[in-house]
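[1] quick one: sequence and predicted model below, then my questions.
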Amino acid sequence: MSRKRSSKSRRGQLSVLCGLVLTFAMLLTGCQGTAPVAEVSVQEMEQAKNALQPLKEQLVDALTGALEEGGPESAIAVCREKAPQIAAELSVDGVQMGRTSHKLRNPENAPQPWVEPLLAAYLEDPENSKPRAVRLDDSRIGYVEPIYAMSFCLSCHGPSIEPALQETIQSLYPEDQAIGFHMNDVRGLFWVTLPSDAGAGMDT
Ligand code: HEC
């Protein structure tokens, strides 16, 4: 923060970094994302991936914007208020989405039962970042993508958190377990459930 760069160029750097990270994440998921898992079709995988995309983008934007403008303390408000708000806004037309983890900060983000085995699979084999999907019933599918910890996540989720920040987090989330992560650890996953047009899709 004390570097002699203008805030504009720092922001530029951050967005380039985030862009890179996102692109990398998309490459990772994109390469392997076309393989259907269980009976979920390639088209459905694509649909789910596209549904999740704005959540991923808006979260990174909101988070990096807040980190840039007010530092981690104010970015906490983004994670706390904006993240659920963005997810809620995008959860329309029978689509629902969110984030979850095996080490939760907010217990309200606890994994739904269908997500648990998928989360466990990423934890068992963290290098396999391919999206996974399941059919929840004949009219819905569930789809997940892993979330890996990046360097700028660690100020709030890493092994050593600045004491004042730690205090704020602790006061807001007395049951916080979402610390101690290192770069590239599986931090959790994005999930989305959406109506499936499997009946129609089968014919094509
Ligand atoms: C400024 C501090 C801060 C930073 C930086 C931050 N987070 Fe978080 N994170 C939080 C807070 C606070 C919550 C709880 C949000 C809520 O109440 O829903 C959270 C929740 C989460 C969750 C939802 C599951 C849970 O534990 O409740 C995931 C997944 C997550 N963060 C991943 C990340 C990743 C990946 C990054 C980096 C790209 C990151 N976070 C950066 C503070 C932060």
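    Ah, there it is.

[2] let me know the average pLDDT across stretch 95-102.
    Mean pLDDT, stretch 95-102: 97.

[3] part of a strand, is Gly65?
    No. Using DSSP: H, G, I helix; E, B strand; the rest coil, the secondary structure at Gly65 is helix, not a strand.

[4] looking at this, Leu189 is in a strand?
    Yes. Leu189 forms part of a strand when assessed by three-state DSSP.

[5] how far away is it from Arg132?
    9 Å (C-beta to C-beta, to the nearest Å). Bear in mind the C-beta positions are built from the backbone N, C-alpha and C, glycine included.

[6] what is in contact with those two at once?
    Counting by C-beta atoms under 8 Å, 6 or more residues apart in numbering, the common neighbours of Leu189 and Arg132 are Leu118, Val144.

[7] list, one by one, the residues from the chain near the ligand.
    63, 72, 75-76, 79-80, 83-84, 99-101, 104-106, 109, 147, 149-150, 152-153, 155-157, 178, 187-188 (C-beta under 6 Å from any ligand atom).

[8] of these, which belong to helices?
    Residues of those located in helices (DSSP state H): Leu63, Pro72, Ala75, Ile76, Ala83, Pro84, Ser155, Cys156, His157.

[9] could you list every residue that touches the nearest residue to the fifth one once chain neighbours are set aside?
    Counting by C-beta to C-beta, 6 or more residues apart in numbering, Ala83 lies nearest to Leu59, which is 6.0 Å off, once chain neighbours are set aside. For Leu59, the contacting residues are Lys82, Ala83, Ile86, by C-beta under 8 Å, 6+ apart.

[10] contacting residues for the second one?
    If you count contacts by C-beta under 8 Å, 6+ apart, Ala83 has them with Leu59, Ala62, Arg99.

[11] touching, Ile147 and Asn184? I think so.
    No. Between Ile147 and Asn184 there is no contact under C-beta atoms under 8 Å: 11.0 Å.

[12] neighbour-wise, which of the two wins?
    Ile147 (21 against 12; other C-beta atoms under 10 Å).

[13] next, count neighbours for the nearest residue in space to Ala178 that is not next to it in sequence.
    For Ala178, ignoring the flanking residues on the chain, the nearest one in space by C-beta to C-beta, 6+ apart is Arg105 at 3.8 Å. Arg105 has 22 neighbouring residues, counting by other C-beta under 10 Å.
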